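Chemist: sharing a sequence plus its predicted fold:
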Amino acid sequence: MKKLLLTAGVALASISTAHAGGGYIQVHGGLFQPTEDTVEFASDNFLGNILDQQVDSGADMGYAVGGLIGTYILPFIALEGEVTLRTTSTDDVSIGNAGAAITDDPRTIAFMGNAVLRPTLPLLPDPYIGIGAGYLTSNLETVDGEDVDGQFAYQVKAGVGFGFPLVPGTIGIEANYLATDDFDLSGDVGTDIVEANFAYGGFTGLVTWKIGF
């Protein structure tokens, strides 16, 4: 019994040592379901406030694709750098003389840094849970046609990987939730000053392939 426990301890120690000095890459793809997609309009001119209204953009499910690279800084704890593209389709959003806030289907690219707990054990799946923060860019434009600034974003994620015979690395599934500050679409339309903000965020379901190095 003591010999068995000693062997198990050596195996776990070997895994921990390898993780502390190793790394991995992951590619992933799946579906993105927006949960935040409203545009808030407010418009002012010399007569004062002439508009204050929220409009649902009718965002539909889109796709997500990306990749990341990670490195273990402690046994079972890794830091990751991630880049993921998300798309969705929306209705054109405009209100009278306030101008058009959304005319193209939104696309965003998230540049995220993640901290992840990945307790890999022998003969078991590869579960993980993590949090991340970073910068989100988009193809959105302001109501007067200028590029929109990127926004701070954060995410929480959890997943599990499985090993398969003859397949290097692990294939798994992941769910994450991404949120960000509203994109500022404000601008000048004629003599009106139009404030427009687009709320963005949602859930992503991914299929992942992770391989160590």
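Modeler: Received the coordinates, thanks.
Chemist: can you give the strand pairings for the helix or strand where Lys157 lies, parallel or anti for each?
Modeler: Lys157 is part of strand 151-164, with elements assigned from DSSP states H and E. Within its sheet, and counting by DSSP bridges, strand 151-164 is paired with strand 126-138 (antiparallel), strand 167-180 (antiparallel).
Chemist: could you find the closest non-adjacent residue to the residue nearest the centre of the chain?
Modeler: Relative to the mean C-alpha position of the chain, the nearest C-alpha, by Cα atoms, centre = their mean, is the one of Leu178, at 4.6 Å. In space, not counting the residues next to it along the chain, Leu178 is nearest to Gln155; the distance is 4.6 Å by Cβ to Cβ, 6 or more residues apart in numbering. From N, CA and C alone the C-beta is placed, and that goes for glycine too.
Chemist: returning to what we had before: state the pLDDT value of the residue nearest to the centre of the chain.
Modeler: Here the pLDDT value assigned to Leu178 is 96.
Chemist: thinking again about what came up before, the residue nearest to Leu178 touches Gly132, doesn't it?
Modeler: Yes - assessed by Cβ atoms under 8 Å, Gln155 is found in contact with Gly132 at 4.7 Å.
Chemist: so what sits against both of those two?
Modeler: Taking Cβ atoms under 8 Å, 6 or more residues apart in numbering as the criterion, Gln155 and Gly132 both touch 112, 114.
Chemist: so Gly29 is in which element?
Modeler: With DSSP H and E as the criterion, the answer for Gly29 is strand 23-36.
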